[in-house]
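*Asks:* sequence and predicted model, in that order:
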Amino acid sequence: MYITEAEIENYLKRDLTAEESEIFETIESAAREQIDNYCDTNWDENTEEESRYYDGGNQEINIDPCKSISAVAYVDEEFETDDLWESDDYVAEPINKTIKTSIRVRAGKSCRGIGNIKVTALFTSYDTQVPPGVKLACLKLCSSIFENPLGLKSENIEGYGYAFADKIQSDDELQKILSPYRQVLL
């Protein structure tokens with residue numbers, strides 16, 4: 001969870017109703033998913049390692065944000081481990097940060113290939129806490145649903161009225177809050 005029920009109540013400056021409390025986790029989960037999709041990463045306190053595959057051929061290999069890299073290996077065309085790298089064969093970078101976003105081969109380049117490098121790690125951008133900007137974006141998304149459950153905005157012009165849904169992608173304020181956390185690979 002990026003936010004708690006108490007945090008949303010403080011943000012709204014009111015207690016949630018019984019009905020709102022019942023659906024809070026669903027709303028928070030949906031907001032969290034939208035933030036993760038927009039930023040192309042997550043801040044879950046991941047406790048299970050998984051393996052992901054990356055293309056070789058360079059000295060530096062960009063990887064998804066992770067911590068606690070436990071293994072790096074070359075794999076064959078069936079994704080079976082072919083050659084396990086020793087920990088002194090590479091450096092996980094940035095060096096002075098907990099969350100790593102690349103692996104640099106100490107000598108030369110990695111072998112060229114498509115999906116031929118397997119990295120096993122805890123994949124998450126979560127360090128010790130969810131960043132304040134991400135929490136704020138989650139609070140704003142959740143509060144907008146509690147304040148306007150249908151997500152409608154209405155307008156009346158000369159007796160003619162219409163309503164339309166407010167889309168997160170069109171929310172400039174949320175985009176500004178989340179832009180420092182977006183993962184953009186070049």
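*Replies:* Yep, that arrived. Numbers count the residues shown, from 1 in each chain.

*Asks:* just the strands in the chain please.
*Replies:* Listed in chain order, the strands of the chain (DSSP state E) span 50-56, 60-75, 81-84, 90-93, 100-105, 113-123, 152-157, 160-165.

*Asks:* how far does the fifth one sit from its chain's centre?
*Replies:* Translated: strand 100-105. For strand 100-105, the distance between its averaged C-alpha position and the chain's averaged C-alpha position is 18 Å (Cα atoms, centre = their mean, to the nearest Å).

*Asks:* likewise the longest one?
*Replies:* Taking the mean of its C-alpha atoms, strand 60-75 sits 17 Å from the chain's own mean (Cα atoms, centre = their mean).

*Asks:* listing partners with orientation, what would you give for it?
*Replies:* The strands beside strand 60-75 in its sheet (DSSP bridges) come out as strand 81-84 (antiparallel), strand 100-105 (antiparallel), strand 113-123 (antiparallel).

*Asks:* need the contact list for L136.
*Replies:* Residues in contact with L136 (Cβ atoms under 8 Å, 6 or more residues apart in numbering) are I177. (Glycine included, C-beta is placed from N, CA and C.)

*Asks:* now do it, the pLDDT please.
*Replies:* Note for L136: predicted pLDDT of 94.

*Asks:* and if you look at D171?
*Replies:* We note a pLDDT of 74 for D171 in this prediction.

*Asks:* okay, now it: neighbour count?
*Replies:* As a burial measure, the neighbour count of D171 was computed by other Cβ atoms under 10 Å and equals 16.

*Asks:* and if you look at the one 3 residues further on?
*Replies:* Around L174 there are 21 other residues, counting by other Cβ under 10 Å.

*Asks:* touching, it and L139? I think so.
*Replies:* No - here L174 lies out of contact with L139, judged by Cβ atoms under 8 Å, at a distance of 10.7 Å.

*Asks:* tell me how far I69 lies from P131.
*Replies:* Here the distance between I69 and P131 works out to 21 Å (Cβ to Cβ, to the nearest Å).

*Asks:* show me the contact partners of the lengthiest helix in the chain.
*Replies:* The helix that spans the most residues within the chain, counting by DSSP state H, is helix 18-39. Helix 18-39 has contacts (Cβ under 8 Å, 6+ apart) with 1-3, 5, 8, 16, 42-43, 125, 134, 137-138, 141-142, 145-146, 168-169, 175, 178, 181-183.

*Asks:* mind doing that once more with 7 Å?
*Replies:* For helix 18-39, the external contacting residues (Cβ atoms under 7 Å, 6 or more residues apart in numbering) are 1-3, 5, 8, 16, 42, 134, 137-138, 141-142, 145-146, 168, 178, 181-183.

*Asks:* what angle separates it from strand 60-75?
*Replies:* With axes from the mean of the first three to the mean of the last three Cα atoms, to 10 degrees as the criterion, the two stretches helix 18-39 and strand 60-75 enclose an angle of 90 degrees.
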